[in-house]
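S.K.: Below is the sequence, then the predicted model.
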Amino acid sequence: MKNGISKAIYNSGDAIQLVMFGSLGNVSKFFVEFTSPEEVSNYFAFNVTSALCLTASVLDAFPKRPGFHRTIVNLSSLCAIQPFKSWTLYCTGKAARDMMFRILAAEEPDVRVLNYAPGPMETDMMMQACKETGDEESRQAMVNMHQKGQLVDKHVSSKKLVNLLLQDNFESGAHVDFYDV
């Protein structure tokens, strides 16, 4: 996914924001090859700064009030907690977003916040990663998962997310992985 969106869903008693926008960034380069501050800044502006500002704006538009429930879901990744060679920007961006939303959960206890890692799904982003990942071992592992049909079905992951939200027994701000639900 080169570009994405954030959706705010609301009715008279609930507001849910799904923070889905993001980009993979350049996964062909290794850490020591990122020497352009502009390239790095542009990545973080789109993937971190915009998520912060948009979420703050949504919360401002839907302030706390009796009987109104606000939930923020950040689509996270295993990459937020585990390093992948040649995925410097993506892993760092996901880790920053997870922490950012953990801080939101700490500062705004009335807002339910979830960092949900949906598992490795067959998406445009995954196909881009299979082609462009600079680390041969990581690239081959993704290609093998794709060829063996081991990628997570988006409908199955979505159902797990909905059930997780309905059960509402996660710690606000937690990072919850598809495989842990």
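M.R.: The structure has been received and is ready for your questions. Note that the structure is predicted; figures quoted are calculated from it, not measured.

S.K.: Residue 117: what's it in contact with?
M.R.: Residue 117 sits next to 75, 76, 77, 78, 80, 175, 176, 177, 178 when contact means C-beta atoms under 8 Å, 6 or more residues apart in numbering. Just so you know, the C-beta spots here come from the backbone N, C-alpha and C atoms, and that holds for glycine as well.

S.K.: I'd like those residues written out as TSV, with distance to residue 165 added.
M.R.: Formatted as TSV, the contacts of residue 117 follow (distance: C-beta to C-beta, whole Å):
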residue	distance to residue 165
75	13
76	14
77	18
78	20
80	19
175	15
176	10
177	15
178	14
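
S.K.: Among the residues you listed, which one sits closest to residue 129?
M.R.: Ranked by distance to residue 129 (C-beta to C-beta), the contacts of residue 117 are led by residue 77 at 11.1 Å.

S.K.: Let me see the contact set for the residue sitting furthest away from the middle of the chain.
M.R.: Relative to the centre of the chain, and counting by C-alpha atoms, centre = their mean, the farthest-placed residue is residue 66 at 29.3 Å. Residues near residue 66 by C-beta under 8 Å, 6+ apart: none.

S.K.: wait, is it part of a strand?
M.R.: No - Residue 66 is assigned coil when assessed by DSSP: H, G, I helix; E, B strand; the rest coil, not a strand.

S.K.: Next, work out how far apart it and residue 110 are.
M.R.: 10 Å (C-beta to C-beta, to the nearest Å).

S.K.: one step back: in strands, which of the contacts of residue 117 appear?
M.R.: If you go by DSSP state E, those have 75, 175, 176, 177 in strands.

S.K.: Most neighbours among those, which one is it?
M.R.: Tallying neighbours with other C-beta atoms under 10 Å puts residue 175 at the head of those, with 23 neighbours.

S.K.: who's in contact with the residue nearest to it when sequence neighbours are not counted?
M.R.: For residue 175, ignoring the flanking residues on the chain, the nearest one in space by C-beta to C-beta, 6 or more residues apart in numbering is residue 115 at 4.3 Å. Applying C-beta under 8 Å, 6+ apart to residue 115 gives the contacts 74, 76, 80, 97, 98, 101, 102, 173, 174, 175, 176.

S.K.: Name the SS class of residue 115, please.
M.R.: At residue 115 the chain is in strand, as set by three-state DSSP.

S.K.: give me the beta-bridge partners of it?
M.R.: Per DSSP bridges, the residues bridged to residue 115 are residue 74, residue 175.
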